[in-house]
Structure formats: structure tokens, C-alpha cells
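Undergrad: Next one to model:
(chains A, B, C and D)
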Number of protein chains: 2
Amino acid sequence: MAQSHVDTEVVPSDRTPPKGTRSTNTRAHILDAAEEFVLEHGGRELTLEQVAKAAGLSKGGVLYHFPTKTALLQTMLARLLDYVEAEFQAGVGDTTPQDRLMAYTHVSLHANEKDKRLGAALLAVLAEDPKLLEPLRTFYRKRFAELRSLGPHFGRATVILLAVEGLFMLELLGLSDLSSQERGTLEWALRALVDAEAPGGNDA
Amino acid sequence: MAQSHVDTEVVPSDRTPPKGTRSTNTRAHILDAAEEFVLEHGGRELTLEQVAKAAGLSKGGVLYHFPTKTALLQTMLARLLDYVEAEFQAGVGDTTPQDRLMAYTHVSLHANEKDKRLGAALLAVLAEDPKLLEPLRTFYRKRFAELRSLGPHFGRATVILLAVEGLFMLELLGLSDLSSQERGTLEWALRALVDAEAPGGNDA
DNA sequence: GCGACTGTACCGTCCAGACGGTACAGATTG
DNA sequence: CAATCTGTACCGTCTGGACGGTACAGTCGC
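TA: Numbers count the residues shown, from 1 in each chain, chains lettered A, B, ... in the order given. Now for the predicted structure:
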């Protein structure tokens, strides 16, 4: 549930950009700074110079770790996806695909504001270059594969996942004006549908 | 200065596009061209010069009709939304919100490839500037208002709309790898859910 | 002395927008 | 009906700035 291993390589360090050698965790530090910047200023203004400034480095320093801006963006996306995947896999001992669906629903609906806005900004940037979305594509391929394993429940389970994604996307872009109460009602309806898919239940 | 001789003229401009005043429809023509370009090259490469070229105008000519690039994008989005709205409202005599939900589902699921890719490209561009998404926000506000009018059916109806939007968005970004058969199954499940919401039906 | 940077200078490119000019279509006037 | 004026619809060019990326000499610390 709580924040866990976020980085692909190294654990994030504490704040305060030290003066001397920042050693290996500088990469993570740059990624942190880039995320923070994106959260504050949006994807449009994300520039190498700004990232450097936010990280307390020079532009050259950033380019030392990420040879291109694209490489930086790719790493940002990969880290976010790793985080999300770890998050909803660690939720419970998710044995069955139904459990996973429920866990996914829960995590997605209760992702914190930060992750959401981060996703929004990233998506905005990445959507311009389809190639950069490949990791996301892989991510969803996994989801769809899980849905297929549900056999006859595929249809309704897919509806559930799509609804979750739909809400996520709409909220990402600030297009939803659902109240928290309405959101509660919605979640209730989703859970009811997930339960209806549970084994030993009724037919489709 | 100088007389009729010192003409360093560059071709008396016998272009393919009709000469003289192109009258009022030039605006629409530019929008068409911009859409076409976006469909072919994606949002990333959409530039005023490219739009001008695609429309058979000069950049200055485009700027005459759309004072800024932002204005052009806004108009493109507005036109697309108008089209979509007209599309699914003209589908049937949509009297009840349920009918509208069904119509919306149908239209969204069967939008042609062109509209989808257009939406994708536009979204990619617009997502970078939250202000430009305002028309979209208005659009969804209407949808949510309709859902609220369904009273006790709000939850499940919202699930349906969100699923439709989720699929649309995923397909927009090329993140879905559902087969057409699976898509059929999905649609079947969605229709079943809509029917379950119909008045005179069952449950709450 | 090597790896991890800093700092600056610079290049090539892209692009939005400004600007001045051109072409022509009426309306006005004598 | 011709000369003149006016407004619309454009064309072509230019500028100013941003940005990604390169190059490279120098610094700091282990």
C-alpha cells in the first residue's frame, strides 16, 4: 500500500542536493525532480534545462545520466509503471484473476492525486510520440491477457477494467466532475459487478 | 518604384487552388486540411506552415483566419465535438436518458477510424495545455448530468459510460489489443448492462 | 587519476507570430 | 462609366526565441 520500491535500480535518497559527488542515486534524484517539476508546471514546460534546475544540477549533468530527453521520459514512464504494478500486486495475495481485478480496481480508484497528475503530464508528453508509449502498451497487454483467462466472464470483466481506466483517464485530464459521493456510488457499482463475476456465482 | 520591367516576380501565381477570393468557406477548408494532416502525420508535426501547405495557402493566409495556433486547435476541437454530439443525438429519437446512453454507446463503439485517430491526435496536442480542454470538459459535464438524471441507476450507468470512454481512450492511444471478436463480446456485455438499466426492468 | 560532475559556449533547427505588401471585389462619386 | 476609395483575403519574408544536443576544459572527492 504505502510507497515502496519506486526505482528500478536504486532507492531514492533524501532531499537536499549535496555538493560533492552525488554517487549513483543521482539518477533517481533527477527522476524525482523531473516528476516534481511536471506536477507543478505540466508536461509542456518540461525541458532539460528545467529538469536540471529542479534537480540542482547543470544541464550537462542531466545529460550525463540521460543521453537524450527521450531516454529521460522513457525512464520516467517505466518507473511509474513499475510502481503501479508493484502497488496493486502487493495489495493482497492475489491468487485468482478475479482478485487481481478487484485489487486493480481498488488501487486505480484510490491512487493518490500525485500519481494521477503525474500520469496525466507524462501521458501528455508521451502521446505525441507513439513509440514512447510502448511500455504502456505492454502494461495493458498484461491486463487484457488476465481478462482473457476469465473465459466466459471476459465481457463483463473487461467492462469493469475499461470503466476503471475510463475514470482514470478522465480524471487525469481533469474532465470528470463527479463528487466524492458519486464516486462512492460508482465504486459500489463496480464492486457489485466484480462480485457478480466471482466463481461459484451466477452465469453471464 | 521602377516600372513594369523590374519585375523580379516569382511566377504570376497560377496555383492549383482557385484564385481570387476563396470566400467564406476557406476557414472550413483550413480546418479540413488540418484534420487531414493530423490524421496522416500525427499531432506532433502539426505546425502552422504544414497546415498552410496542406490547405494550399501560405502561413500568413492561415493566420489571417486563425490569429494563433491555439485558436486553430480550439476550433478543431469544437468542430469535432459538435460533430460527435450531433452524431449520437441524431441516431434515434432519443427520448429517455437510457436511450441516449445506448445511442452514445453505439456511436462511440462504432466511430469510424478517422474520427478516432483525429481525436487521438487532437487529444495529444491539447493535453499539453489544460485550458484548451475546456470544451471537452463541457462535453463531459453534459454526459454526467444525464447520468445523474437516472437516479438510482446512476452507478451502473456511469460504469457503462466510463467503460465506453475507457475503450475509446485506449484505442485512441493504440493501447488496446482486443480482437474484433473480443470487441464484439465486450459490446454484447455493455448492451446487456444498458438493458439492465432500462425502465420496467429488474433490480436497483 | 578516474568517475562524477560543473559551466559555458555554441550549433542547427524549428516555429509562432509580426509585418508589409499584393490582388481583387465591390461601393461611392462625379 | 471611369476614377477613386475601401475592405477583404491573402502572400512572402523576417525575426526573435526556445530547445535539444555537442564540445570541452575545469573541479571535486574518493
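
Undergrad: and the helix-or-strand element of chain A with minimal mean pLDDT, how far from the chain's centre?
TA: None of the helices or strands of chain A scores lower by mean pLDDT, DSSP states H and E than helix A:113-126, at a mean of 76. On the basis of Cα atoms, centre = their mean, to the nearest Å, helix A:113-126 sits 8 Å off its chain's mean C-alpha point.

Undergrad: Residue of chain A nearest DNA strand C, please.
TA: Proximity of chain A to DNA strand C (Cβ to the nearest atom of the strand) peaks at residue A:61, 1.9 Å away. Yep, even glycine has a C-beta here, placed from its N, CA and C like the rest.

Undergrad: pretty sure that residue is touching residue A:53, no?
TA: No: counting by Cβ atoms under 8 Å, residue A:61 does not reach residue A:53; the two are 10.8 Å apart.

Undergrad: anything in the longest helix seen in chain A near DNA strand D?
TA: When chain A is scanned for its longest helix (criterion: DSSP state H), the result is helix A:69-89. Yes: counting by Cβ under 7 Å from any atom of the strand, DNA strand D is contacted by helix A:69-89 at A:69, A:70.

Undergrad: is DNA strand C contacted by that helix?
TA: No: judged by Cβ under 7 Å from any atom of the strand, helix A:69-89 stays clear of DNA strand C, getting no closer than 12.0 Å.

Undergrad: on that earlier part again, next secondary structure element downstream of the least confident helix or strand of chain A?
TA: Once the chain leaves helix A:113-126, the next helix or strand it forms, by DSSP states H and E, is helix A:134-148.

Undergrad: Now do the buried residues in that next one.
TA: Judged by neighbour count using 16 or more other Cβ atoms under 10 Å in any protein chain shown, the buried positions of helix A:134-148 are A:136, A:139, A:140, A:143, A:144, A:146, A:147.

Undergrad: which secondary structure elements does it contact?
TA: The elements that helix A:134-148 packs onto, with contact taken as 3 or more Cβ pairs under 8 Å, 6 or more residues apart in numbering or on different chains; DSSP states H and E, are helix A:69-89, helix A:97-109, helix A:154-172.

Undergrad: Lowest mean pLDDT across these, which one is that?
TA: Per-segment mean pLDDT for those reaches its minimum on helix A:97-109, at a mean of 81.

Undergrad: do stretch A:26-37 and DNA strand D meet?
TA: No: on the criterion Cβ under 7 Å from any atom of the strand, stretch A:26-37 is out of touch with DNA strand D, staying 11.3 Å away.

Undergrad: cool, and stretch A:125-136?
TA: No: Stretch A:125-136 does not reach DNA strand D (Cβ under 7 Å from any atom of the strand); its nearest approach is 9.7 Å.

Undergrad: List the buried residues in that stretch.
TA: Residues A:125, A:126, A:127, A:128, A:132, A:133, A:136 are the ones in stretch A:125-136 that count as buried (16+ other Cβ under 10 Å).

Undergrad: go on, stretch A:181-196?
TA: Across stretch A:181-196, burial judged by 16+ other Cβ under 10 Å covers A:182, A:185, A:186, A:187, A:189, A:190, A:191, A:193, A:194.

Undergrad: From residue B:41, how far off is residue A:70?
TA: 19 Å (Cβ to Cβ, to the nearest Å).

Undergrad: got a list of what the residue of chain A closest to DNA strand C touches?
TA: Residue A:61 sits next to A:26, A:52, A:55 when contact means Cβ atoms under 8 Å, 6 or more residues apart in numbering or on different chains.

Undergrad: and residue A:178, how many neighbours?
TA: Using other Cβ atoms under 10 Å in any protein chain shown, residue A:178 is surrounded by 20 other residues.

Undergrad: same question, residue A:115
TA: Neighbour tally, residue A:115, other Cβ under 10 Å: 17.

Undergrad: Please report how far it lies from residue B:25.
TA: Residue A:115 is 47 Å from residue B:25, by Cβ to Cβ.

Undergrad: again, but for residue A:168
TA: Distance from residue A:168 to residue B:25, by Cβ to Cβ: 40 Å.

Undergrad: out of those two, which sits in the busier spot?
TA: Of the pair residue A:168 and residue B:25, residue A:168 is the one with more neighbours under other Cβ under 10 Å, namely 20 against 9.

Undergrad: So the more buried one sits against residue A:107, correct?
TA: No: Residue A:168 is beyond contact range of residue A:107, at 10.3 Å (criterion: Cβ under 8 Å).
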